[in-house]
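**Q** need coordinates for the below:
(one chain, ligands or ions: 1)
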Amino acid sequence: MDWEPLIAAAAAARAHAYAPYSRFAVGAAVLMEDGSIHAAANVENCLPALGICAERNAIAAAASTGLRRPQAVAVIADMSPPATPCGLCRQTLAEFAGDLPILMVNLQGERVESTLAELLPQPFSLRG
Ligand code: THU
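**A** Reported below is the predicted structural model:
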């Protein structure tokens, strides 16, 4: 797995984070089944519940082009150890993938690799 293009895309997207409330900028990038990479940042709102994480914005952007099978996700934030996707984002990724590698990185270059199955062992599913 070559993580560099995903990390670069996530870092570029992070620069566009809209996070005036938390001041915590996050970028995420998802590699899809056709090899394309879709990246996004977190977008907050004055109504906190309406804020959307970078990971969900990234998978939504990919799914909105018709793609349905994420292969890998990279997340970048300025935190040590690297930030992990929140529960909502884990469940959202589980909508499209039984499992996939997730790399969490920070600005210092620390890397933590995990998997969706490890981060969310028992996702809710209507598939039984
Ligand atoms: N956030 C993300 O975008 N992804 C994560 O993995 C962790 C948290 C955002 C949500 C909110 O805009 C800000 O970071 C602080 O929680």
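**Q** please, which helix or strand holds the most centrally placed residue in the chain?
**A** Residue closest to the average C-alpha location in the chain (C-alpha atoms, centre = their mean): Glu55, at 2.7 Å. Counting by DSSP states H and E, the element that carries Glu55 is helix 54-63.
**Q** so for that helix, mean pLDDT?
**A** Averaging pLDDT along helix 54-63 yields 98.
**Q** give the buried residues for it.
**A** 54-59, 61-63 (16 or more other C-beta atoms under 10 Å). Backbone N, C-alpha and C define where each C-beta goes, glycine included.
**Q** return the member of those residues nearest to the ligand.
**A** Set against the ligand, the nearest of the buried residues of helix 54-63 by C-beta to the nearest ligand atom is Ala54 (3.9 Å).
**Q** give me the pLDDT for Ala39.
**A** 99.
**Q** residues near it, how many?
**A** Neighbouring residues of Ala39 were enumerated by other C-beta atoms under 10 Å; the total is 25.
**Q** try Leu47
**A** Applying other C-beta under 10 Å, we find 7 residues neighbouring Leu47.
**Q** what's the spacing between it and Tyr21?
**A** Distance, Leu47 to Tyr21, using C-beta to C-beta, to the nearest Å: 10 Å.
**Q** and the nearest residue to Thr84 once chain neighbours are set aside, what does it touch?
**A** Distances taken as C-beta to C-beta, 6 or more residues apart in numbering place Met104 nearest to Thr84, at 5.8 Å, with adjacent residues excluded. Met104 makes contact with 74-76, 81-85, 111-114 under the criterion C-beta atoms under 8 Å, 6 or more residues apart in numbering.
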